[in-house]
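[1] return a 3D structure for these sequence lines:
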Amino acid sequence: MTLGQRIKQLRVDKELNQPELANAMGIEQSYLSKLENDKAFPSDEMFEKLLTALKMTVDDFIKGLDRTYVIKHLSKLNFVKQHTQALTQSNAKYLFKWIIISSVMIALGVTFYMAGEKSWVAPSQVQALYKSMGVVKEGESLLLFEDSPRSLSNEVLTRIEPKTVHLSQKNGDFFVKSVTGGQRYYKYIRTGVQRNRVLNNWLRIVGLFVGVLGVVGLLIEPKVRRLRSFG
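    Predicted coordinates for the structure are as follows:
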């Protein structure tokens, strides 16, 4: 669409005929006809009168024109030139912020994910595992349940109820704990690493989510750039 076609389009949209718009601009109808047929190019003063008569801003006027056309043909007009320069600067600042925020999100995503993966926030704990097979009554051997099940009486077999205990450090090869009905003999099994899986998993999930959003932000930045360009 050319400048003349845009002027005619807006005049028709405003339901004005040529004499009415020419009168509002304070010009001859013949000159307006030349403008609409691209046989004349308005001065800055004339373009300002056109915008005033149409009750439009520069931004509204050039939105219907191709960006390349505006830069190539309408940049002669100071109103348009100043507007495009201001718009370019504004877009540059916006896109700079967009890139910075996306980059920060990627960095945060990686940090959160690694915090969960390496247990930086919820460190792993070394724990000693002890196991008891059941309650030993008074007078019975603490090693009662160490015997083969075949050698145990039916009454003893009914007391088999395995329980485990995790200690922050190894406390010998065994320890005895008084419980209801007797004692429990806890035998050392092994030392392992206990992780806070819930918190670490959440950190990994949040990290992936934030990181992916940051990557998507950078990938769509060119499209955002085009959408924010006028025309």
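
[2] now the helix or strand containing residue 20 - C-alpha only, PDB.
    Taking DSSP states H and E as the criterion, residue 20 maps to helix 18-25. Only the C-alpha atoms of helix 18-25 are listed here, as PDB (Å, rounded to 0.1, in the frame of the first residue of the first chain):
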ATOM      1  CA  GLN A  18     -12.600  14.500  -0.900                       C
ATOM      2  CA  PRO A  19     -14.100  18.000  -0.500                       C
ATOM      3  CA  GLU A  20     -14.800  17.300   3.200                       C
ATOM      4  CA  LEU A  21     -11.300  16.200   3.900                       C
ATOM      5  CA  ALA A  22      -9.700  18.900   1.800                       C
ATOM      6  CA  ASN A  23     -11.800  21.500   3.600                       C
ATOM      7  CA  ALA A  24     -10.700  20.000   7.000                       C
ATOM      8  CA  MET A  25      -7.100  20.300   5.900                       C
END
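
[3] start the count at 58, not 1, going forward
    In the new numbering, first residue 58, that becomes helix 75-82.

[4] go through the following helix or strand past that helix and flag the buried ones.
    As assigned by DSSP H and E, the chain's next helix or strand after helix 75-82 is helix 86-93. Using 16 or more other C-beta atoms under 10 Å as the test for burial, helix 86-93 gives 89, 92-93. For the C-beta atoms, the positions are set from N, CA and C on the backbone; glycine is no exception.

[5] need those in JSON lines with distance to residue 105, can you?
    Below are these laid out as JSON lines (distance: C-beta to C-beta, whole Å):
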{"residue": "89", "distance to residue 105": "15"}
{"residue": "92", "distance to residue 105": "14"}
{"residue": "93", "distance to residue 105": "18"}
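
[6] which residues touch the helix holding residue 77?
    Contact with helix 75-82 is made by 68, 71, 73, 85-86, 88-90, 93, 103, 106-107, 109-111, as judged by C-beta atoms under 8 Å, 6 or more residues apart in numbering.

[7] mind checking how far the helix or strand containing residue 270 is from the chain centre?
    Element membership for residue 270 (DSSP H and E) is helix 254-276. Centroid separation for helix 254-276 versus its chain: 8 Å, with C-alpha atoms, centre = their mean, to the nearest Å.
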